[in-house]
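> sequence first, then the predicted structure:
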Protein chains: 2
Amino acid sequence: MKIPPVKGTRDFYPPDMAVRNFIVDGWKKVSLRNGFEEYDGPIFEYLKMYQIKSGDEIVEQLFSLTDRGGRELALRPEITPTLARMVNQQINSLPKPIKWFSVPRLLRAERPQKGRLREFFQWNIDIIGIDQPLADAEIIFTTIDYLRDLGLTPQDVKAKISSRKLLAAVLKSYGISYEKLESLYVVLDKKTKLPAETFEQMLAEQVPNKDTLAKISSFMQINSIHELKGLMKDGSEELAAYKEIAKVLYTLKIMGVGDFCVYDPSIVRGLAYYTGIVFEVHDASSDLRAICGGGRYDNLLRDFGGPVISATGMGMGDCVLEILIKEKGLLDKQVPKRHIEYFVISLGIDEQADEEVYRIIARLRSMGHSANFSYKTAGLSKQLKEASAQNAKECIIIGDEFKDNKLVIKNMATGEQKLVNYDEFLSGLESG
Amino acid sequence: MKIPPVKGTRDFYPPDMAVRNFIVDGWKKVSLRNGFEEYDGPIFEYLKMYQIKSGDEIVEQLFSLTDRGGRELALRPEITPTLARMVNQQINSLPKPIKWFSVPRLLRAERPQKGRLREFFQWNIDIIGIDQPLADAEIIFTTIDYLRDLGLTPQDVKAKISSRKLLAAVLKSYGISYEKLESLYVVLDKKTKLPAETFEQMLAEQVPNKDTLAKISSFMQINSIHELKGLMKDGSEELAAYKEIAKVLYTLKIMGVGDFCVYDPSIVRGLAYYTGIVFEVHDASSDLRAICGGGRYDNLLRDFGGPVISATGMGMGDCVLEILIKEKGLLDKQVPKRHIEYFVISLGIDEQADEEVYRIIARLRSMGHSANFSYKTAGLSKQLKEASAQNAKECIIIGDEFKDNKLVIKNMATGEQKLVNYDEFLSGLESG
């Protein structure tokens, strides 16, 4: 009986797994050097946990299940609710700031399309307990540190940075009520995702007053932080919010990644829970979805029953990223090819020689060397071919010379062969 | 609103994650050096896939869900069905033998108890396409190679090896019909798990004939491979099966792990699908469940709609293993502690000095060094304390000396301090 894989999931055959490991290992390496510690949670949580945090968008995308005890559970579509739960549970004993990262497997019951699957991996970095813009800058720096490490340049990708706090203050100064903000954010977030006409129409529906509409449209056009400064009134909420984002951009410049960063008011982020700096990284040609996004969320821990603690973070999925670096030609040359150090070959001169293969293989492996052998009792050329297919560095050949207690070592790159004494070879390994 | 984690799952705070990474990284390292390649599949598959392979035991333990398209899915309780599906899908293009490993997250809706959780990680190694006992030996060797690497000795753990094929042949020679075998395996598998009396009673129910019962009981007592040999008739099926297991044990001796291995007829394995060599590793004191188990399964790929191809494999969960190595005192001293290379401290002499922290931090990280700093504008001793808590190797201190373009480097192990020129420090890093 043949059964297919489930739609929107991936099978990771060894070459695919090598790509996934390349991406995930890079995320881990950059997280650690930026001072983040790894955590993880369960693959499912109580369904209601996701209902607390997210707008309807994410709840519709949940894979939900009921266990034998009648508990309503959901496969995690994101890890931030788990993070909030875990931090709240140990809030008093955890050293602050909390700088954590994770690479969860996530599940969303979406329609699969380019760069969006039902099962994917997502890099998450979060700093909890620091309300300074410096923490936002560090999140953005860490993100760019990874992308730059991959070989992406400021010509390839841009971190588009904005501020929910600034937007809220500006909208408030235009007379928009607090209650109106959330639905307006959803529309403003679509500015670059919809045709201009459709966007203008949706915005006009939200903002009937033409004067106000014109002001908002004009604010959304400003993409220079310097131009922005001129508009800020002394002592205003806008000015305070402006200073934050200016500080983030300045810090990123000092950190050497200024070329990757731009102020962009069209970055609003769909989710309701952002409260301050928000950002997304896009490829310069912009025909892919955002590579990643994040921002400050100051109320989440409180919403999960914890204290009021400021937090900022970023999430980057593996699907869009993989498409991008493949398109840029950065993937194939960087993903490590399968290789082994030694391939041990018996030419079958006698039974004892065959047994020596297992002895040598076992000894090599136990000493930390990767080693393999052929299950076929084939001739030299076939076994050498198998060794080549596995990208072996050296072949150890047990042939006629073994009667004189000698092995042939063949360097697979140069083709060079040398005869070595068996006992010396073994003791050489011990000391190596 | 406070929401707890789901029963039987684990939160991996950074210290727990370090333990999990220690275990998983060890599995990966040993797999690779033994010539296995990594694969993975989706976290869920069609429910019916698990119904094909496994007895009722595993199907009862499934977390099942229905997606919006009405598909009946199940969270994977094991990865072998996925392996069979994936191999069958590419059976013609995959180079043979297939030596693959995986470290899947698995889910079982069991009652949580010591060493058994609803969510866990499991190391899987499989060799597909080789029917020689050598492949079984290599699976067992790889398992022991890992356990030995952890520091476990033949006094701590034993690989108990048996053969379904031998058992089947022996039972047949006693007149047990083929149809009876499966239910008899289930009882025989319980020999060491039940009180002797209960076991004898269950066995007697399966085998009403007293003579036959006595023969079976007597066979199940033999735990010496040499004694076994004496009972085998020339040309019998039993002798052929005996030769296989003898070859496995002999090969393991040559591979240097003979001391870890014993023949043990009480190893039967519950699952129906084993067809040849079977084994389990137990701790010597035997009060824990099996650390791992595995064996040959020659019909699985065919049962999944593929060709008849021989296969052998092993699965080891993280829960029992972690308990064991914790009990043996092997865990704490081996799990790497969090550490960073540099902690950069500003004493706040002026704004430019504060900014240099971010410049240095960014530069260190981009060059591959782990580096951190304090978000607090605290005095030296508090910042040094924070550096110590993060296990920093060196502190880079920006103080009064910075006016003369100099930094203080403090070795945190020795307490030694030296004054270095800032530019030289930076260029030293570049070339390092």
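Cool, the structure landed. Note that the structure is predicted; figures quoted are calculated from it, not measured. Numbering: from 1, shown residues only, chains lettered A, B, ... in the order given.
> domain-wise, how is chain A divided?
A:14-327, A:340-431 (automatic domain parsing).
> now those domains in a markdown table, with mean pLDDT, distance to chain B and mean neighbour count?
All C-beta spots, glycine's among them, are computed from the backbone N, C-alpha and C. Putting those into a markdown table (pLDDT from 0 to 100; distance: least, C-beta to the nearest C-beta, whole Å; neighbours: other C-beta atoms under 10 Å in any protein chain shown) gives the following:
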| stretch | mean pLDDT | distance to chain B | mean neighbour count |
| --- | --- | --- | --- |
| domain A:14-327 | 93 | 3 | 19 |
| domain A:340-431 | 92 | 4 | 16 |
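> which among those domains is found nearest to B:Val320?
domain A:14-327 (19.2 Å; C-beta to C-beta).
> still on that earlier bit, save the domains of chain A as a markdown table, and put in distance to B:Gln334 too.
Formatted as a markdown table, these follow (distance: least, C-beta to C-beta, whole Å):
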| stretch | distance to B:Gln334 |
| --- | --- |
| domain A:14-327 | 17 |
| domain A:340-431 | 15 |
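> contacting residues around the closest residue in space to A:Lys247 that isn't next to it in sequence?
Of all residues not flanking A:Lys247 in the chain, A:Pro133 sits nearest, at 4.3 Å (C-beta to C-beta, 6 or more residues apart in numbering or on different chains). Contacts for A:Pro133 (C-beta atoms under 8 Å, 6 or more residues apart in numbering or on different chains) come out as A:244-245, A:247-248, A:251, A:277.
> these in helices, which ones?
A:244-245, A:247-248, A:251 (DSSP state H).
> before we move on, what SS does A:Arg365 have?
helix (DSSP: H, G, I helix; E, B strand; the rest coil).
> please look at it and A:Phe373 and confirm they touch.
No. The pair A:Arg365 / A:Phe373 is not scored as a contact, 10.7 Å apart, by C-beta atoms under 8 Å.
> nearest to B:Gly315, of the domains of chain A?
That would be domain A:14-327 among the domains of chain A, by C-beta to C-beta, at 18.1 Å.
> distance from the chain centre to the closest one, please.
On the basis of C-alpha atoms, centre = their mean, to the nearest Å, domain A:14-327 sits 13 Å off its chain's mean C-alpha point.
> about what we covered before: mind checking how far the residue nearest to A:Lys247 is from A:Val248?
According to C-beta to C-beta, to the nearest Å, A:Pro133 and A:Val248 sit 5 Å apart.
> joint contacts of these two?
A:Ile277.
> just give the nearest non-adjacent residue to A:Lys406, would you?
A:Leu419 (5.3 Å).
> next up, phi/psi of the one you found, please.
Reported as degrees, to the nearest 10, the phi and psi values for A:Leu419 are phi -100, psi 130.
> and stretch A:154-171, end to end?
This stretch, stretch A:154-171, spans 31 Å end to end (C-alpha to C-alpha, to the nearest Å).
> what about A:Trp100, which SS state?
Under three-state DSSP, A:Trp100 comes out as strand.
> about what we covered before: my read: the residue nearest to A:Lys406 touches A:Val408, true?
Yes. Using C-beta under 8 Å, A:Leu419 is in contact with A:Val408, at 5.9 Å.
> okay, and the common contacts of these two?
Contacts common to A:Leu419 and A:Val408, judged by C-beta under 8 Å, 6+ apart, are A:Glu401.
> so what touches stretch A:415-432?
A:356, A:360, A:363-364, A:367, A:369, A:396, A:401-402, A:405-411.
> need the contact partners of stretch A:249-257.
Against stretch A:249-257 from outside (C-beta under 8 Å, 6+ apart): A:133-134, A:137, A:140-141, A:144-145, A:148, A:159, A:161, A:225, A:258, A:260-261, A:263, B:355, B:358-359, B:361-363, B:366.
> where along the stretch 301-432 of chain A do the strands fall?
A:311-317, A:340-346, A:371-373, A:392-398, A:406-411, A:417-421 (DSSP state E, counting those that start in this stretch).
> just checking, what packs against the second one?
It refers to strand A:340-346. Judged by 3 or more C-beta pairs under 8 Å, 6 or more residues apart in numbering or on different chains; DSSP states H and E, strand A:340-346 is in contact with helix A:351-366, strand A:371-373, helix A:380-389, strand A:392-398.
> let's have the ones you listed in TSV, adding distance to B:Gln51.
What follows is the helices and strands packed on strand A:340-346, written out as TSV (distance: least, C-beta to C-beta, whole Å):
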stretch	distance to B:Gln51
helix A:351-366	38
strand A:371-373	36
helix A:380-389	37
strand A:392-398	42
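> so which of those gets nearest B:Arg296?
helix A:351-366 (18.4 Å).
> which strands and helices sit next to that closest one?
strand A:340-346, strand A:371-373, strand A:392-398, helix A:422-431, helix B:14-33, helix B:133-149, helix B:237-254.
> give me the sheet partners of the second one and which way each runs.
To tie it back to what came earlier, the one meant is strand A:371-373. strand A:340-346 (parallel) (DSSP bridges).
> keeping just the C-alphas, turn the partner strand into PDB.
Coordinates of each C-alpha in strand A:340-346 appear next as PDB, following Å, rounded to 0.1, in the frame of the first residue of the first chain:
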ATOM      1  CA  ILE A 340      34.200  10.600   5.100                       C
ATOM      2  CA  GLU A 341      37.900  10.400   6.200                       C
ATOM      3  CA  TYR A 342      38.600   6.800   5.500                       C
ATOM      4  CA  PHE A 343      37.200   4.100   3.300                       C
ATOM      5  CA  VAL A 344      38.600   0.700   4.100                       C
ATOM      6  CA  ILE A 345      38.900  -1.800   1.300                       C
ATOM      7  CA  SER A 346      39.600  -5.500   1.400                       C
END
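> helix A:351-366 and that one, what's the angle between them?
170 degrees (axes from the mean of the first three to the mean of the last three C-alpha atoms, to 10 degrees).
> return the member of the contacts of A:Pro133 nearest to A:Leu347.
Out of the contacts of A:Pro133, the member with the shortest distance to A:Leu347 (by C-beta to C-beta) is A:Thr251, at 65.1 Å.
> any idea which helix or strand carries A:Ile161?
Remark: A:Ile161 resides in strand A:157-163, with elements defined by DSSP states H and E.
> and the next element down the chain from that strand?
Next helix or strand after strand A:157-163 toward the C-terminus (DSSP H and E): helix A:164-173.
> and that next one, what does it pack onto?
Going by 3+ C-beta pairs under 8 Å, 6+ apart, helix A:164-173 lies up against helix A:181-188, helix A:237-254, strand A:277-283.
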